[in-house]
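Q: Just a sequence and a predicted model for now, questions to come.
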Amino acid sequence: MDREYREMLLLTGLDNITEEELKRFKYLALTEFTIARSKLNTADRTELAEQLIQSAGAESAVTKAICIFQKLNYMHIANALEEKKKEAESKYMTKTKKKETQKEENRSQAEKCSVASATCSDKDFKKTIEVCSQAKPQKKQMVGEQEAIRDLQKDPLIVMVLKAINPFECETQKGKQEIFHATVATEKEFFFVIVLNSQFKDKFIPKKTIKISNYFWHSNFMEVTSSSVVVDAESNQEVCVPNTIIKKAGETPKISKLKTQPCGTIVNGLFKVQKITEHNSRVLYSIHDKTDTMEVLLLGNQSKTKCEEGDKIRLTFFEVSRNGEKIQLKSGPFSFFKVIKAAKPKTEMKSVE
């Protein structure tokens, strides 16, 4: 488990915060860990992870890091790290119990078969052992699945699909897989949805009414996983969504309003690029509208997407974040970024021809 804790602390935690956020993390780390201030301040992300682990141990370092992220209101990082920790611990416990159960079952079966050896051939004995060795792990697997959906909302929710983007490949806790985003609504409100199983794409058709069960509720979005159930609603369960809600769900929020939203708020919208600043694997876009300007921080592979000043960028599943005193939008592991090239002036098009 030590290796898993080390990886998640660095890759899921420290690697996904900005330089300013890293400074704030180090400041609070002084109260949680026994590390000299001078040593802490000069450490890069890898060195910091090692210092935290040496001070408190791998598991405790991850737990304390989650606490610090929560205090700083970096909830996306805190939640991702907490989920990664729970998943790793669950797998470890399941694997350990499975080994113990397997040993116990084999021992018990061997004792039974030794008693019946007078009437049991070698072939029958091997067959009995194989059957018994398979039975218990299957039962354990079922228990594990039940535990995994313990916190799910099991009651069905009937919604109308407003929008769904095409699936795209994303790095998740289960490795690379195709996911997609959607927007759904009831008669009273709309929700952003992240669907972690692209096989559900044929259900998320605009204007179609569907029924979703076994889904996760987050603070401001819904998560549909492979354990969820998505089916067509009955004809008498059609949802009539008011045009006001449909319009509101498709609007790009004003930048002036975004700056008043709490950190962690999910944002979808189309924005015009005013300026671009590149920093290694990070790209900072300055966006603007009639109300204000704002920065968008793009992390990871999507930062390689070609974009020029004057182009528009469509942001899906970005979140409001804080960089020092500034409020910005930041990409997360499930964010989707698309560039819409600006139309060239007619005079420029003629000269090209």
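A: Sure, I can see it.
Q: Could you count how many residues lie near residue 337?
A: When neighbours are counted by other Cβ atoms under 10 Å, residue 337 registers 22. Every C-beta, even on glycine, is put in place using the N, C-alpha and C of the backbone.
Q: Can you list the strands that the strand or helix carrying it pairs with?
A: Using DSSP states H and E, residue 337 falls within strand 336-340. Applying DSSP bridges, strand 336-340 is found paired with strand 312-323 (antiparallel).
Q: Buried residues in the partner strand, which are they?
A: 312-313, 315-323 (16 or more other Cβ atoms under 10 Å).
Q: What's the separation between residue 310 and residue 336?
A: Distance of residue 310 to residue 336, given as Cβ to Cβ, to the nearest Å: 21 Å.
Q: who's more crowded, the two?
A: More crowded of residue 310 and residue 336, by other Cβ under 10 Å: residue 336, with 19 against 11.
Q: Now do the contacts for that one.
A: 165, 168, 181, 302, 315-317 (Cβ atoms under 8 Å, 6 or more residues apart in numbering).
Q: Which positions are bridged to it in the beta structure?
A: Here residue 336 sits in beta bridges with residue 316, as judged by DSSP bridges.
Q: residue contacts, residue 242?
A: Contacts of residue 242 by Cβ under 8 Å, 6+ apart are residue 187.
Q: roughly how far apart are it and residue 90?
A: For residue 242, the distance to residue 90 equals 42 Å [Cβ to Cβ].
Q: cool, residue 275 as well?
A: Going from residue 275 to residue 90 by Cβ to Cβ gives 45 Å.
Q: which among the contacts of residue 336 gets closest to residue 200?
A: residue 181 (11.9 Å; Cβ to Cβ).
Q: how close does the closest one get to residue 201?
A: Counting by Cβ to Cβ, the gap from residue 181 to residue 201 is 11 Å.
Q: next one: residue 254
A: Going from residue 254 to residue 201 by Cβ to Cβ gives 31 Å.
Q: swap in residue 27?
A: From residue 27 to residue 201 the distance is 44 Å (Cβ to Cβ).
Q: of those two, who's got more company?
A: residue 201 (17 against 14).
Q: Next up, the contacts around that one.
A: 164, 166-167, 180, 195.
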